[in-house]
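Enquirer: Fold the stuff below for me.
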Amino acid sequence: MTAAILTDHGREPGVLRYNAITWMKHSTEVSETVANSVELSRAIKQQARAAGFDMVGIVPAGRLSSERDQLREWLARGYHGEMHWMAREPEKRADPRKLFPYARSVVVVALNYYTPEQHSENSQTGKVSRYAWGDDYHEVAGSKLRSLLEWIKAQAPEAEGKVCVDIQPMMDKAWAVRAGLGWIGKHSNLITQEFGSWVFLGELLLNLELEYDEEQVEDHCGSCTLCIDACPTKAITEPYVVNSNRCISYATIELRAPEIPEEIGDKLEGWLYGCDICQDVCPWNRFEETTTEARFRPRPGNVNASLSEIVELTPESYAERFRHSAMKRAKLAGLLRNARTLLRKAAGPQITHMTRIGID
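Expert: This is a model prediction of the structure:
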């Protein structure tokens, strides 16, 4: 038998040619995959904007290490108050792959909710945070993201994903920063150059490798401390850190105690549900634009709510009035408590004192 002709360190010429062909085929497939990823990524962004989102970025799914450490320190200080769910599984909150194991990419979106209406100063009404004036953003943004996911599946049948809008354990603001949508302000809200801080955030976790955004927005807060100085309860204990126990929004929405702590209740400044003070004074919110989403237009009585109407709510009328509204987050008991607190304050210090000691 004739000995085989060996070349290139003992490999037969046919093997060498085969390896070269295999490499070329693999290289072509990789190039096509990259090209397809780029094309799909750009199409996803275009479709997200067509669905009504004002901003969109795409980043790889991975662990948020520094953000996780900051969360742990915040929790260790007890700044989450009674929001015990914030302390559950911080590792899951910092890594979307623990929420959706197949996650390869995070599509991050922002939805402008600003409308030009303004609060009035009337002691017989309670001010409502701007984000809750219209329909519940969980439902609005969630429906848009679900539609986007269905569209992606139609383009890429192998696609699977998970929609996240605030309820899921995701660090929304941290992902928005990574995706280049904005930066975290000293009041701890995301600030965008285009819409200020009047934006809702959401994410779509996908099992697809996509083209990623790498450019982030630098912190433009500079030496400004307007939000820190304006907070009546001094809830912003230091730049970028909020102590929920002192926060009006926390007290009027998340706190389940039968009474608002006196040190907070005396400084509500007319807020029935939430508080926008730190955002109202932010210079970047001078660049606001009116939203194109009709569902965020204020409902009747939702900019300033009549306190007499609130205290007369029954479980049935409460359910009817706040159906598909973010204000149901406070529960009926919370709204009643908040309204009573504001009415006592409006009645004057003597009545307030008598009420507290049980003389009604």
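
Enquirer: in a helix, that's where Lys267 is, yeah?
Expert: No: applying DSSP: H, G, I helix; E, B strand; the rest coil, one finds Lys267 to be coil, outside a helix.

Enquirer: Now do stretch 310-322: distance to the chain's middle.
Expert: Stretch 310-322 has its C-alpha centroid displaced from the chain centroid by 27 Å (Cα atoms, centre = their mean, to the nearest Å).

Enquirer: mind listing the helices for this protein?
Expert: 13-50, 65-76, 90-93, 96-99, 137-155, 172-178, 226-230, 248-249, 262-265, 277-280, 307-311, 315-321, 331-347, 349-356 (DSSP state H).

Enquirer: Nearest to Glu117, out of those?
Expert: Closest to Glu117 of those is helix 277-280 (Cβ to Cβ; 13.0 Å). Bear in mind the C-beta positions are built from the backbone N, C-alpha and C, glycine included.

Enquirer: Do me a favour and average the pLDDT over the closest one.
Expert: The average pLDDT within helix 277-280 is 98.

Enquirer: Then stretch 102-110?
Expert: The average pLDDT for stretch 102-110 rounds to 98.

Enquirer: and the helices of the chain as JSON lines, adding distance to Met83?
Expert: Converted to JSON lines, the helices of the chain look like this (distance: least, Cβ to Cβ, whole Å):
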{"stretch": "helix 13-50", "distance to Met83": "30"}
{"stretch": "helix 65-76", "distance to Met83": "10"}
{"stretch": "helix 90-93", "distance to Met83": "12"}
{"stretch": "helix 96-99", "distance to Met83": "19"}
{"stretch": "helix 137-155", "distance to Met83": "17"}
{"stretch": "helix 172-178", "distance to Met83": "15"}
{"stretch": "helix 226-230", "distance to Met83": "21"}
{"stretch": "helix 248-249", "distance to Met83": "12"}
{"stretch": "helix 262-265", "distance to Met83": "15"}
{"stretch": "helix 277-280", "distance to Met83": "18"}
{"stretch": "helix 307-311", "distance to Met83": "24"}
{"stretch": "helix 315-321", "distance to Met83": "23"}
{"stretch": "helix 331-347", "distance to Met83": "14"}
{"stretch": "helix 349-356", "distance to Met83": "26"}
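
Enquirer: Out of these, flag the one nearest Arg256.
Expert: Ranking those by distance to Arg256, with Cβ to Cβ as the measure, places helix 331-347 first at 7.1 Å.
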